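Visitor: Got a predicted structure here, sequence first:
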Amino acid sequence: MSESYDVISVGSGHHGLIVAAYMAKAGKSVLVLERNAYAGGGCVTKEVAPGYLYDEHSTIHQVILSNPLIKNDELGLLSRFGLEYIYPDSPFASLFDDGSLLASYKSVDATAESIAQFSKADADSYKRFSEMAVRLYPMLTGALFSPPVPMAAMVAMMSQSAEGNELLLMSLKSGLDIVSEWFSHEKVRMHFLKLMTENLQTPEEKGTGIGALAMVGAAHMTGLAIPKGGSGKLTEALVRCIEHHGGKVVLSRNVTKFVRSGARVTGVETADGERYTARVGVVGAIHPHHLRNYFPDVDDGVLRRAERVQQATYSSMVTHYALKQRVSFRDPTGNGGGAALVELLPSNLETLRRAYDEYRYGRLPDPIPHFGVTQHSDHDPSRVPAGAATFSVLTFAPYDIEGKGGRHWDELRDVWPKKMFKDVQKWLVNFDEDNIIASRSYSPLDLERDSSSFVQGDIHGAAPFFHQMNGHRPTPDLAQYKVPGIEGFYLVGPFMHPGAGLTGAGRATAARMMQDIGVDFGKVIAS
């Protein structure tokens, strides 16, 4: 006998949980079905060793901080359900292999002072650039958390003013174009370029340049934040919110089929034959490449365009460590500036650029010249036993190495973690075997296996190129969170607007769903 609900969310990634939470707050009966034995998808905290907490995938929160979900605490995650953020004074820093350090701070003046040690002219330029970024940041983020307008309308609107045209131009250029226009010193350029590439964009990819402005605006408007106790605390807060409003989150239930009545999705079926009926709608993180598997009767043009969605040029590989004592950095302060994220970089821009060239050709640089590292236990001692540390080392890699396919990463499982460990040591003092208690490594293939949204190891679901953003994300057909020709089904996931991983984008899907069923979203969030 099937159970009946108003709304069913297939999967418990933070996007689906957010839709479920808003719908539950609106008074709808809600069910979340998760195939894993834990909730959270890519937003989960685990133990690398007993008592040593690490974030398996999403870790530092940035874009979501500007989302009204968090900014206005619309669901009470901060005030009622236990979510708490820690804001390091330095969002990110760059440590170069010659020992020099450039740190960004919440303070514009402090950031400019750090830049001035390399170039006084660049420090002055940064003050002008950051002023523009802070002024425009509300406009940039204002369109991120609601259903997107069509691309043509957005371009037409931006073309109505000199400032809008400048933003459009920045959107069409590359990150390297933008930082080269504003800054002359190659270390200053690298400082901003490397952070942009965390969005899986190479420095020279056109259609990615607006990220420089958004990144600087975010650094000074919201900073970067670390959830106290781990990134999974966001998931836990969302689950508490759903259950508080009468919803259910059921684990170890693998949905294999959408039940339909004609064009309308009326429920789901699990691998063990259980059926659940949805009176209002079903929400699912179905990657565009997988759409045909679930809706083969949809217009073939829609499906083919979905299958042409481009994945990022490269993926990530990361190792998380439980350490006896914290890592020290080879810089004058000894702590990488106390930043939430420390970028470990070469001392010249060409070396960095050539690394990204290697990714484009399906090769891994040797040696690896750049890393992004976090030591969250510096900011959040609750994650480790007293005096100990957790340390995460991330770098990039192609999903398909030299045409051998993603499964080739299984053959390299004993090779690449050792290579990362060896190559990263030039920036660190006490990072050695004697200091390591345990570790856990993820290759691009591991990322793909962990989530159906991480196709080809793309943790952002789909490449953040200009032609796949806003009203074209992931395609114009699917950008409004619905599949043409299918009723009662709504899309969520990192491949939807606004993209870039942990954004809280499920809010926009919830708004679209409420609009369709005649529920006033404004009244729900105000209640």
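Guide: All right, it came through fine.

Visitor: doesn't Gly76 make contact with Ile525?
Guide: No. Shown here, Ile525 and Gly76 do not form a contact pair, counting by C-beta atoms under 8 Å, at 10.8 Å. Glycine gets a C-beta too; all of them are placed from N, C-alpha and C.

Visitor: Of those two, which one has the most company?
Guide: Neighbour count, other C-beta atoms under 10 Å: between Ile525 and Gly76, Ile525 has more, with 20 against 15.

Visitor: Okay, buried residues for whichever strand or helix holds that one please.
Guide: Here Ile525, judged by DSSP states H and E, is contained in helix 521-526. Using 16 or more other C-beta atoms under 10 Å as the test for burial, helix 521-526 gives Phe521, Val524, Ile525.

Visitor: those helices in the stretch 151-300 of the chain, which residues are they?
Guide: 151-158, 162-172, 175-182, 186-197, 210-221, 232-244, 291-294, 300-307 (DSSP state H, counting those that start in this stretch).

Visitor: between those, which gets nearest to Pro498?
Guide: helix 210-221 (10.2 Å; C-beta to C-beta).

Visitor: Now the closest one - C-alpha only, CSV.
Guide: Below are the C-alpha coordinates for helix 210-221, written out as CSV (Å, rounded to 0.1, in the frame of the first residue of the first chain):
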residue,chain,number,x,y,z
ILE,A,210,32.7,38.2,-13.7
GLY,A,211,33.8,35.8,-11.0
ALA,A,212,36.7,38.2,-10.1
LEU,A,213,34.3,40.9,-9.2
ALA,A,214,31.9,38.6,-7.4
MET,A,215,34.7,37.0,-5.4
VAL,A,216,36.1,40.3,-4.2
GLY,A,217,32.6,41.6,-3.4
ALA,A,218,31.9,38.4,-1.4
ALA,A,219,35.2,38.7,0.5
HIS,A,220,34.3,42.1,1.9
MET,A,221,30.5,41.8,2.1
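
Visitor: Mind giving me the packing neighbours of it?
Guide: Applying 3 or more C-beta pairs under 8 Å, 6 or more residues apart in numbering; DSSP states H and E, we find helix 210-221 packed against helix 108-116, helix 120-142, helix 162-172, helix 175-182, helix 186-197.

Visitor: Now render the ones you listed as TSV, adding distance to Glu84.
Guide: Below are the helices and strands packed on helix 210-221 laid out as TSV (distance: least, C-beta to C-beta, whole Å):
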stretch	distance to Glu84
helix 108-116	25
helix 120-142	22
helix 162-172	34
helix 175-182	33
helix 186-197	25
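
Visitor: Present those as CSV; the columns should include mean neighbour count, distance to Trp409 and mean pLDDT.
Guide: Putting the helices and strands packed on helix 210-221 into CSV (neighbours: other C-beta atoms under 10 Å; distance: least, C-beta to C-beta, whole Å; pLDDT from 0 to 100) gives the following:
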stretch, mean neighbour count, distance to Trp409, mean pLDDT
helix 108-116, 18, 38, 97
helix 120-142, 16, 36, 93
helix 162-172, 15, 34, 90
helix 175-182, 20, 27, 97
helix 186-197, 24, 21, 96
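
Visitor: If you count neighbours, what's buried in stretch 445-453?
Guide: Within stretch 445-453, the residues that count as buried by 16+ other C-beta under 10 Å are Leu445, Asp446, Leu447, Glu448, Asp450, Ser451, Ser452, Ser453.

Visitor: Mind checking which of those residues are in strands?
Guide: Among those, none falls in strands (DSSP state E).

Visitor: Closest to Asn470 out of the residues you listed?
Guide: Distance to Asn470 across these (C-beta to C-beta) is lowest for Ser453, with 19.3 Å.

Visitor: got the contact list for that closest one?
Guide: Residues in contact with Ser453 (C-beta atoms under 8 Å, 6 or more residues apart in numbering) are Gly13, Gly41, Gly42, Ala285, His287, Gly461, Gly493, Pro494, Phe495.

Visitor: separation between it and Ala93?
Guide: Separation of Ser453 from Ala93 (C-beta to C-beta, to the nearest Å) stands at 30 Å.

Visitor: So for Ala103, which of the helices of the stretch 151-300 of the chain sits nearest?
Guide: helix 186-197 (8.9 Å).

Visitor: CA atoms only for the closest one, dumped as PDB, please.
Guide: What follows is helix 186-197, C-alpha atoms only, in PDB (Å, rounded to 0.1, in the frame of the first residue of the first chain):
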ATOM      1  CA  GLU A 186      52.100  38.500 -11.200                       C
ATOM      2  CA  LYS A 187      51.700  37.300  -7.600                       C
ATOM      3  CA  VAL A 188      48.800  39.700  -7.100                       C
ATOM      4  CA  ARG A 189      47.300  38.300 -10.300                       C
ATOM      5  CA  MET A 190      47.800  34.700  -9.200                       C
ATOM      6  CA  HIS A 191      46.200  35.500  -5.800                       C
ATOM      7  CA  PHE A 192      42.900  36.300  -7.400                       C
ATOM      8  CA  LEU A 193      43.200  33.900 -10.400                       C
ATOM      9  CA  LYS A 194      43.700  30.800  -8.200                       C
ATOM     10  CA  LEU A 195      40.700  31.400  -6.100                       C
ATOM     11  CA  MET A 196      38.600  31.800  -9.300                       C
ATOM     12  CA  THR A 197      39.800  28.500 -10.500                       C
END
